[in-house]
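Peer 1: kindly return the folded structure for what I paste below:
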Amino acid sequence: MAVIIELLGWGGKRQRYFRVETSSVTIGRGYENDVVLDDAHISPNHLRLDAASGGWQLTDLQSLNGVEIVKNPSSPSAQILRSDSPILIGEGAEIKVGRTRLRILSDNHPVDAAKVLHHLEQDAGKLNRLSIWLPLFLISLGVEIAALYSSSFIEWQWKNVFSTILSTQALLLFLALFWGTMGRFLRGESQFLSHYCLILLAGLVYSLADLLIGMLGYNAGTEMVILILSPLNALLILAFLLSANFALATNMMPRQRWISSLGFVMLIIVVSISAQLKGWGEFSPYPDYFSGLEVPALQFASAEPADDFIANFDMIFTEADRLAID
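Peer 2: Residues are numbered from 1 along each chain as shown. Predicted coordinates:
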């Protein structure tokens, strides 16, 4: 029966493993051992494992720092072994030698079931095609130009538009490069164009949703609709985008991806609220109303004509004076 010795990292995650086919395994820093560990706190000949009924006999070979039994199914209490008297350890036992943590398993130890690939991972190759990202880029470019034109209050000048578009695309390319670099280091593949397409798609969804929110604020006649829904829209899209990028660039499980994404969004919320606390409660001489310019065709709610509103000025001010006196 082969012995599997797993080298554990942060959080008990397996970093690498050794498979030894003999019934007696020696572990240490010396090259004559079956398992050689690069840890200055491990002795040249640190310990030996001998196959036994119900597990393995662990013997400390008079090492300098001993062997810490972190987890042992055969014995519930943790202990430090510093003598040559062996101790029985069971399947799945975890020990610490020097600063290195090991898990001892047999070769027939069951493993977790295979995880289903995220649909983005399965279809990532499609996003790298020219027929996908080029039309997406052109649509995104058109939407950005239309948004700049609709929000412009000065004479239209293409040189100003080009500088804005170039800076925006440079930012998007930087973000895609960041995620691609992370994927290159963590998974061995960058998926740069896939990340770029995801960011472009998120930008298109945000622009469409922001347009609808602007229409709601316009018809409601209040800026509060935009002040509440617009940041909420941006944060939700950011959470989904981060989760998708994590799926392509890392080996994180779905729960870990969502915890990381929502945690980052919550951090942004806390920082934004903290920055706005100074202005809360202060008197503002400006009334709360929708101040954006929109075409009349976007209005679907009934509204009071401007002439009627102006004709009622005297009555409005009279009522305001009465309320001030009361």
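Peer 1: list the buried ones in stretch 167-183?
Peer 2: 169, 172, 175-176, 179-180, 182-183 (16 or more other C-beta atoms under 10 Å). C-beta here means a position set from N, CA and C on the backbone, and glycine is covered the same way.
Peer 1: ah, wrong one, I meant stretch 67-74
Peer 2: Applying 16+ other C-beta under 10 Å to stretch 67-74 flags 67-72 as buried.
Peer 1: ok, stretch 30-45 next?
Peer 2: 33-35, 37, 42-43, 45.
Peer 1: start to end distance for it?
Peer 2: 6 Å (C-alpha to C-alpha, to the nearest Å).
Peer 1: could you do stretch 152-160 as well?
Peer 2: With C-alpha to C-alpha, one end of stretch 152-160 sits 11 Å from the other.
Peer 1: among the buried residues of stretch 30-45, which one sits closest to I199?
Peer 2: L37 (42.7 Å; C-beta to C-beta).
Peer 1: quick one, phi/psi of that closest one?
Peer 2: Here is the backbone geometry of L37 (degrees, to the nearest 10): phi -120, psi 130.
Peer 1: ok, it - contacts?
Peer 2: Neighbour list for L37: 7, 27-29, 46, 97-98, 100 [criterion: C-beta atoms under 8 Å, 6 or more residues apart in numbering].
Peer 1: now Y206
Peer 2: 233-234, 237.
Peer 1: now, among the buried residues of stretch 167-183, which is nearest to A244?
Peer 2: For these, the nearest to A244 is W179 (9.7 Å; C-beta to C-beta).
Peer 1: surely that closest one touches E189?
Peer 2: No. Using C-beta atoms under 8 Å as the test, W179 is too far from E189 to be in contact (11.6 Å).
Peer 1: would you list every one of the strands in this structure?
Peer 2: 3-8, 14-20, 24-28, 35-36, 47-52, 55-60, 67-71, 79-81, 87-89, 93-97, 100-106 (DSSP state E).
Peer 1: take those and write them to TSV, including mean pLDDT.
Peer 2: Listed next are the strands of the chain as TSV, based on pLDDT from 0 to 100:
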stretch	mean pLDDT
strand 3-8	94
strand 14-20	91
strand 24-28	95
strand 35-36	96
strand 47-52	93
strand 55-60	92
strand 67-71	91
strand 79-81	72
strand 87-89	90
strand 93-97	93
strand 100-106	94
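Peer 1: tell me which of those sits nearest to S163.
Peer 2: Short answer: strand 14-20, nearest of the strands of the chain by C-beta to C-beta, at 47.7 Å.
Peer 1: what bits of the stretch 101-250 of the chain have low per-residue confidence?
Peer 2: 118, 120-125, 153-154, 221 (pLDDT under 70).
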